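Visitor: All I have is the shape, not the residue letters:
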């Protein structure tokens with residue numbers, strides 16, 4: 001597995017539910033040296049990564065979008081028999097010729113879903129459009145009039161449109177109005193800041209609670225009192241601590257008992273998780289993103305010899321989406337939270353070791369692997385950390401769902 005990076009980016013449907021993940025692959029050598037046979041290296045990397053990591057561990061029950069190189073399309077290299085799990089992306093820089101066209105037709109006949117990546121419509125590409133199921137359009141490659149024309153031209157074909165690089169809520173709404181079915185970008189991880197917009201009461205209550213609990217001067221009795229003021233929070237917290245996730249020898253009967261057993265920072269972290277997961281007017285994937293970042297930061301803390309601060313690293317990762325949750329700039333969110341300067345600087349400017357850990361987590365999440373700081377964690381290790389975070393996130397959500405259903 002050495003030298004293999006693998007990441008994922010969510011693709012949403014019109015109801016803001018995750019429809020699929022685009023899978024991102026890279027050999028870490030590519031960051032530092034040229035690979036003589038890039039086509040074959042990338043193709044083999046895809047197969048190895050899917051085999052080694054396990055598709056279900058990466059995408060769960062969703063679809064996986066995978067970029068194809070020419071050798072895959074022409075059949076020189078075999079694809080895994082995952083027709084019901086994979087969407088095959090034909091890259092925009094692959095020259096369309098008879099062998100490519102016949103290869104795509106063969107894949108379509110084999111019941112693979114076909115997507116065209118970064119597609120710019122030209123009449124000579126019509127045979128390709130007729131085969132495709134999904135067409136991905138890069139919003140940054142077209143102005144508004146060109147985008148409108150593309151939608152009109154492609155409406156003549158039985159294809160679904162996917163908007164790529166959707167960065168703002170305004171762009172998302174525009175693509176919704178144009179009839180796009182799917183959306184990919186960082187717009188859910190950014191605040192929807194609008195002048196005169198009132199923050200919903202439930203999110204104000206959340207911020208107030210988080211502010212009090214995160215106060216570094218709060219002692220055990222104060223933390224216990226704050227949690228016990230919310231009956232639902234107390235109930236969920238105790239049930240989670242007593243679940244199989246922690247495998248306690250004896251039942252934890254009170255919040256104070258939990259703090260004495262697990263420590264104040266661990267109870268804080270669990271409380272943060274439960275409180276943020278209760279937000280219902282934001283896409284659930286935003287919570288998933290927060291979970292993965294939080295656990296990646298926590299694991300990085302151990303790697304850099306700061307295990308004693310792992311809970312704080314965890315909080316930095318979790319709070320990195322608070323601007324999107326609150327629909328406020330991060331500076332305004334932090335003004336309402338009782339956080340230390342090192343935590344605030346990590347969230348605002350990626351300063352300090354915690355900031356470096358957060359930046360590494362976000363860079364990996366977005367597939368910006370050239371931005372990873374090798375002086376913090378070895379390149380190969382960050383991929384392992386990401387996969388551990390995925391597994392932990394999956395287990396946490398399953399435990400939380402089971403507790404809610406019980």
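Guide: Perfect, thanks for sending it. Keep in mind the model is a prediction, meaning the values are calculated, not measured.
Visitor: what about the stretch 201-350 of the chain, any weak spots by pLDDT?
Guide: Scanning the stretch 201-350 of the chain for pLDDT under 70 picks out 201-202, 244-245, 247-248.
Visitor: all strands of it, in order?
Guide: Counting by DSSP state E, counting those that start in this stretch, one finds no strands in the stretch 201-350 of the chain.
Visitor: Any figure for the gap between the nearest residue to residue 192 once chain neighbours are set aside and residue 400?
Guide: Spatially, and ignoring its direct neighbours in sequence, residue 192 is nearest to residue 169 (4.4 Å; CB to CB, 6 or more residues apart in numbering). From N, CA and C alone the C-beta is placed, and that goes for glycine too. From residue 169 over to residue 400 the distance is 27 Å, taken as CB to CB, to the nearest Å.
Visitor: Give the residue from those two that has the larger number of neighbours.
Guide: Between residue 169 and residue 400, residue 400 has the larger neighbour count (other CB atoms under 10 Å), namely 19 against 16.
Visitor: What distance do you get for that one to residue 73?
Guide: 42 Å.
Visitor: any idea whether residue 89 is helix, strand or coil?
Guide: strand (DSSP: H, G, I helix; E, B strand; the rest coil).
Visitor: what sits opposite it in the beta ladder?
Guide: Bridge pairing for residue 89 (DSSP bridges) gives the partners residue 67, residue 115.
Visitor: ok, it - how many residues close by?
Guide: 20.
Visitor: Please apply the same query to residue 187.
Guide: 22.
Visitor: now it: how far from residue 325?
Guide: For residue 187 relative to residue 325 (CB to CB), the value is 14 Å.
Visitor: With residue 132 instead?
Guide: The value you get for residue 132 to residue 325, if CB to CB is used, is 36 Å.
Visitor: And residue 73, by the same measure?
Guide: From residue 73 over to residue 325 the distance is 42 Å, taken as CB to CB.
Visitor: do residue 90 as well
Guide: For residue 90 relative to residue 325 (CB to CB), the value is 37 Å.
Visitor: out of these two, which sits in the busier spot?
Guide: residue 90 (25 against 20).
Visitor: Can you report how many residues lie near the closest residue to the more buried one other than its chain neighbours?
Guide: Spatially, and ignoring its direct neighbours in sequence, residue 90 is nearest to residue 116 (5.3 Å; CB to CB, 6+ apart). Other residues lying near residue 116 total 25 when counted by other CB under 10 Å.
Visitor: Quick check: residue 116 vs residue 91, distance?
Guide: Taking CB to CB, one finds residue 116 at 9 Å from residue 91.
Visitor: Residue 278 now?
Guide: Where residue 91 is concerned, residue 278 sits at a distance of 41 Å (CB to CB).
Visitor: and the gap between the most centrally placed residue in the chain and residue 249?
Guide: Centroid-nearest residue in the chain: residue 289, 4.4 Å away (criterion: CA atoms, centre = their mean). Distance from residue 289 to residue 249, counting by CB to CB: 34 Å.
Visitor: What of residue 53?
Guide: Taken as CB to CB, the span from residue 53 to residue 249 is 34 Å.
Visitor: out of those two, which sits in the busier spot?
Guide: Per other CB under 10 Å, whichever of residue 53 and residue 249 has more neighbours is residue 53, with 18 against 5.
Visitor: So the more buried one is in contact with residue 7, correct?
Guide: No: counting by CB atoms under 8 Å, residue 53 does not reach residue 7; the two are 10.8 Å apart.
Visitor: residue boundaries of the helices in the stretch 201-350 of the chain?
Guide: Along the stretch 201-350 of the chain, counting by DSSP state H, counting those that start in this stretch, helices occupy 201-213, 220-228, 231-241, 255-262, 264-277, 284-303, 310-319, 322-326, 330-335, 341-349.
Visitor: contacts for the last one?
Guide: Looking back up the chat, that one is helix 341-349. 312, 315-316, 319-320, 330-331, 334, 339, 351-352, 354-355, 357-358 (CB atoms under 8 Å, 6 or more residues apart in numbering).
Visitor: Counting neighbours, show which residues of that helix come out buried.
Guide: Neighbour-count burial for helix 341-349, counted by 16 or more other CB atoms under 10 Å, picks out 342, 343, 344, 345, 346, 347.
Visitor: Kindly report the same for the third one.
Guide: The neighbour-count criterion (16+ other CB under 10 Å) identifies 233, 234, 236, 237, 238, 239, 240, 241 as the buried residues of helix 231-241.
Visitor: Please apply the same query to the longest one.
Guide: By neighbour count, and taking 16+ other CB under 10 Å as the criterion, the buried residues in helix 284-303 are 285-301, 303.
Visitor: Cool, thanks, signing off.
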